[in-house]
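Asks: Structure for the following, please:
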Amino acid sequence: MAPLSARTLQIYLGAVPLLITQLILLVLLTLAPQIVLKNAPRPDNTATDIEIQLPPALEKK
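Replies: Numbers count the residues shown, from 1 in each chain. A predicted model of the protein is given here:
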């Protein structure tokens, strides 16, 4: 807990640098995700023989 002498504005202003840091990292990782995905395994998306069977359409009377 904050001491009684700390005002709410001081607490909010103390959180601003942390919020700015998080915002910078969010933008950085959005623009360059390879920073954290450098050694991540790549998904195998080579399946091309997938067939989806749909039920027959219902006829309106």
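
Asks: what about residue 29, how many neighbours?
Replies: 13 (other C-beta atoms under 10 Å). Glycine gets a C-beta too; all of them are placed from N, C-alpha and C.

Asks: Where does pLDDT dip in this structure?
Replies: Within the chain, the stretches with pLDDT under 70 are 2, 43, 45-46, 59-61.

Asks: Can you list phi and psi of residue 49 for me?
Replies: Dihedral angles of residue 49 (phi, psi; degrees, to the nearest 10) stand at phi -110, psi 40.

Asks: could you pull out the helices for this protein?
Replies: With helices called from DSSP state H, the chain shows them at 8-31.

Asks: how far does stretch 50-57 stretch from start to finish?
Replies: 21 Å (C-alpha to C-alpha, to the nearest Å).

Asks: for that stretch, the distance to its chain's centre please.
Replies: Relative to its chain's centre, stretch 50-57 lies at 34 Å (C-alpha atoms, centre = their mean, to the nearest Å).

Asks: same check, this time on stretch 48-58
Replies: Offset of stretch 48-58 from its chain centre (C-alpha atoms, centre = their mean): 33 Å.
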